[in-house]
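In: Mind folding the following:
(2 chains)
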Amino acid sequence: MVDEAPDRGFPEDEADPWSPARRQLAEAVHRALQQEGFPGTLAEVERNLGEPPQGKGDLALPAFRWAKALHTNPPALAERLAGAIPRVPGFARISHEGGFLNAELEALPFFLSTLRMITRRGERYGSWPATGPTVLLEHTSANPTGALHVGRSRNGVLGDTYARVLKARGFPVTTEFYVDDLGRQAATLVWIWSMPPSQWPAEIRQALPSVTSTEPPPGTKPDHYYGQAYVPAFAYMRAHPEAEAEVNALANQVEQGAGDLSTYRRVPKAILEGILASLARMNIRFDRFVWESELVVDGSVHRVLERLTSSQKAHRAEDGALGVDGRPFGLPEESPFVYATRADGTHLYPARDVAYHEGKFERAGRVINVLGQDHRLHVQGLFALLDAVGEQRRPETLFYGYVNLPEGKMTTRGGRVVLLDHVLDEGRRLALVELEARRPELSSAEREEIAEKIGHSAVRYHLLRVQPDKPIVFRWEEALSFEGKSAPFLQYAHARASSLLRKGGEGNGPGPTVPSLAEAPPSWDPRESALVRSLSRLPGLVDRVAQDGSVHLLAVYGHDVAERFNEFYQSLRVLDAEPPVRHLRLALVHCARQVLANTLDLLGLEPLERM
RNA sequence: GGGCGAGUGGCUUAGCUUGGAUAGAGCACCGGAUUCCUAAUCCGGCGGCCGCGGGUUCGAAUCCCGCCUCGCCCGCCA
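Out: Now for the predicted structure:
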């Protein structure tokens, strides 16, 4: 039983409940090690503090690493350290076992100060103080040539989540979508839709018999409507040289910044709006759009080409094409050059990409791109070009694996795709079926609203829950699972907590106060302790994920919190407990709901009051 | 062929950056829990030479080397 002021060492302005404890312990251990003749730094000690197995305390330090240099053996060193370390504020016990030094927190003060931090910071728990520099994060950037498939949406889900985490870590973040309106793909669609369907070539009309207007009929999304012409138009164009020439002429015209851009962009823009509407259903939004054609019009591509031309590192092919040797950047021997222009001097994608990045570097101190793993080599080419034009700065990249179907790769032209909108619709439908069975007392409007939130959250979570690097095989039953490792599992825990707080008379108010050490029950149920411990980990996790983009860890974490909460909920009574216990448990429920809500928000998922 | 990425129970997967004390989940399967705050939940059981071989180390799923398998890329396309 603790008998003195419990809260020293836990300042009010901390963002992370663990950092004071870690720091205090590391300092004490470091001092003890120095007495043994240890030459290393405090940071080295702190880095080696790990989490011991269940039941062996809260922080552990393996002594093996330093024993030899200090002319002793690990168990002896651990024992001597344990003996040499005085009472550390916040810790109840420092012990040793084998070659490990184990430290046990004063559990109650730690738990209560964690709960207090959560109630005090509310929705800001998990967030860190503002810091710099501005981060520019580009993601999704799907070509505006049709409706988005689930594979492309993984990019958006990853990018949007990473942006949320970086913001929470304190960085000012801007998200950008690069609209690739140049090139043959977009031109093909612009070309076909520049004619009324009645004047289309017979082959295309036959492929799309129901299409009669250049405007999507009411109730049809423009990305689906305009996009459906892509496959037949592309096939026709490939088979008819005169059509291909028209498309190329169109493409070349915009590529040079000639012609009326607003006319040209009509269809790509409409498709983009459709794509954005789909993404918005999953809570993905952008701060800024950069149209590739704009970089031509404003001269930035031209300026890049001038710099490249005068660069020592420029490589001029025999026929005049301008590029650089990419081998120092890892390009293969067989195709060592990355070209910025064609032989006729017209610019290519890599040149525009350099121009785009120069703009990004002006707008932000740190630039991150979210790209599919097929872009790895392109990035090396980009680096080679940046180097050649004398640009020192480089973007960071978060790569992700593709979403495939059990039958293989998704292909738009092969007609083997699963569209995001269809997955989202099916998710909503399945959730509605569940709700009709489980929540008949709700109005149908409420059920519809909740179903949409469950459905899109399930899809988003599914795309988020594994390491970005790993490829995903899309299976409907898995993507729309509402059990186990899924968004509804998290949402359900949140809804349960919300329900308890409603019934406990707390509603959406500031929540119950955290009891003081004197008021709190002296001994806690293991499920209560496990829950607070889980809650205490959010800020540290946000810090880590912000560093390396491992956003899946947050999805894993959310599951852990929900699981701890469900275990607590299942076996312990809250509302009909005795007053001191009830008080504490209500605070616990309030904090769990808060952390769940914050984690859900970081993941871009919807917290639900009832489901 | 080269480069990059991934290989963990029947399936999906966390842990690998920074080596540490019984490798943690979900699905499936088997058994159990609902007069009680939402059973989309919980409890128990089953199931793992952490791809293979070598190396470094007091200690390797984690680091290094080699091999195998799968994926992606290797256009004056984007």
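In: now for the helix or strand residue A:355 falls within, which elements pack on it?
Out: Secondary structure assigned from DSSP states H and E places residue A:355 in helix A:349-363. If contacts are counted by 3 or more C-beta pairs under 8 Å, 6 or more residues apart in numbering; DSSP states H and E, helix A:349-363 sits against strand A:135-138, strand A:173-179, helix A:292-297, helix A:300-309, strand A:366-372, helix A:376-388. No exception for glycine: its C-beta is placed from N, CA and C like everyone else's.
In: and it with RNA strand B, contact?
Out: Yes - Helix A:349-363 lies within reach of RNA strand B by C-beta under 7 Å from any atom of the strand, at A:349, A:350.
In: got the angle for that helix vs strand A:366-372?
Out: 140 degrees (axes from the mean of the first three to the mean of the last three C-alpha atoms, to 10 degrees).
In: show me what contacts whichever residue of the stretch 151-300 of chain A sits closest to RNA strand B?
Out: Nearest to RNA strand B, among the residues of the stretch 151-300 of chain A, is residue A:183, at 2.9 Å (C-beta to the nearest atom of the strand). Applying C-beta atoms under 8 Å, 6 or more residues apart in numbering, we find residue A:183 in contact with A:143, A:251, A:255, A:349.
In: Ramachandran coordinates for it?
Out: The phi/psi pair for residue A:183 (degrees, to the nearest 10) reads phi 90, psi 170.
In: Give me the distance between it and residue A:291.
Out: 12 Å (C-beta to C-beta, to the nearest Å).
In: Repeat that for residue A:319.
Out: Distance from residue A:319 to residue A:291, by C-beta to C-beta: 30 Å.
In: re earlier: can you name the two of the contacts of residue A:183 that sit furthest apart?
Out: The two members of the contacts of residue A:183 with the most space between them (C-beta to C-beta) are A:143 and A:255, at 15.1 Å.
In: got the residue ranges for the helices in the stretch 51-200 of chain A?
Out: A:64-67, A:74-84, A:107-121, A:150-168, A:183-193 (DSSP state H, counting those that start in this stretch).
In: What residues does the stretch 251-400 of chain A have near RNA strand B?
Out: Residues of the stretch 251-400 of chain A lying near RNA strand B by C-beta under 7 Å from any atom of the strand: A:255, A:292, A:317-321, A:330, A:332-335, A:337, A:339, A:342-343, A:348-350, A:373-378, A:381.
In: So between residue A:319 and residue A:291, which is more surrounded?
Out: Neighbour count, other C-beta atoms under 10 Å: between residue A:319 and residue A:291, residue A:291 has more, with 20 against 8.
In: Spell out which parts of the stretch 51-200 of chain A neighbour RNA strand B.
Out: A:52-56, A:60, A:62, A:64-65, A:68, A:74, A:97-100, A:102, A:143, A:180, A:182-185.
In: So how do I select the buried members of those residues in PyMOL?
Out: In PyMOL syntax, the buried subset of those is picked out as below (16 or more other C-beta atoms under 10 Å):
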select buried, chain A and resi 52+60+62+74+99+100+102+143+180+182+183+185
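In: Can you get me a residue count around the residue in the stretch 451-600 of chain A positioned nearest to RNA strand B?
Out: Nearest residue of the stretch 451-600 of chain A to RNA strand B (C-beta to the nearest atom of the strand) works out as residue A:484 at 2.2 Å. Residues near residue A:484, counting by other C-beta under 10 Å, number 9.
In: so who does residue A:504 touch?
Out: Here residue A:504 is in contact with A:512, A:574, A:575, A:586, A:589 (criterion: C-beta under 8 Å, 6+ apart).
In: Quick check: phi and psi on it?
Out: Torsion angles, degrees, to the nearest 10, at residue A:504: phi -80, psi 0.
In: follow-up on the earlier one: pick the most buried one from the helices of the stretch 51-200 of chain A.
Out: Of all these, helix A:150-168 has the most neighbours on average by mean count of other C-beta atoms under 10 Å, namely a mean of 25.
In: and the residue of chain A positioned farthest from its centre, how far is that from residue A:451?
Out: Using C-alpha atoms, centre = their mean, the residue of chain A lying farthest from its centre is residue A:71. It sits 47.0 Å away. From residue A:71 across to residue A:451, the span is 68 Å (C-beta to C-beta).
In: just residue A:108 next, same as before
Out: Using C-beta to C-beta, residue A:108 is found at 42 Å from residue A:451.
In: okay, residue A:6: pLDDT?
Out: We have a pLDDT of 42 for residue A:6.
In: Can you tell me the centre-most residue of chain A?
Out: The centroid of chain A falls nearest to residue A:161 when counting by C-alpha atoms, centre = their mean (2.7 Å).
In: Leaving out the residues flanking it, which one is nearest to that residue?
Out: residue A:551 (4.5 Å; C-beta to C-beta, 6 or more residues apart in numbering).
In: tell me the contacts of that neighbour?
Out: A:158, A:161, A:162, A:165, A:464, A:468, A:545, A:603.
In: follow-up on the earlier one: buried ones among the residues of the stretch 251-400 of chain A next to RNA strand B?
Out: Counted by 16+ other C-beta under 10 Å, these give A:255, A:292, A:321, A:337, A:339, A:348, A:349, A:350, A:381 as buried.
In: For the nearest residue to the last one once chain neighbours are set aside, which three-state class applies?
Out: In other words, residue A:381. Nearest residue to residue A:381 in three dimensions, chain neighbours excluded: residue A:338, at 3.7 Å (C-beta to C-beta, 6+ apart). With DSSP: H, G, I helix; E, B strand; the rest coil as the basis, residue A:338 sits in strand.
In: Tell me how far residue A:338 lies from residue A:453.
Out: 45 Å.
In: again with residue A:518
Out: 42 Å.
In: wait, what's in contact with residue A:142?
Out: When contacts are counted by C-beta under 8 Å, 6+ apart, residue A:142 touches A:148, A:152, A:155, A:275.
In: what stretches of the stretch 201-350 of chain A score poorly on pLDDT?
Out: For the stretch 201-350 of chain A, no stretch is flagged by pLDDT under 70.
In: ditto for chain A
Out: Residues of chain A that meet the cut-off, pLDDT under 70, sit at A:1-13, A:506-510.
In: Okay, domains of it per the record?
Out: A:18-105, A:182-264 (automatic domain parsing).
In: looking at the ones you listed, which is closest to residue A:311?
Out: domain A:182-264 (22.4 Å).
In: end-to-end on the closest one?
Out: Separation of the first and last residues of domain A:182-264 by C-alpha to C-alpha, to the nearest Å is 10 Å.
In: Lovely, talk soon.
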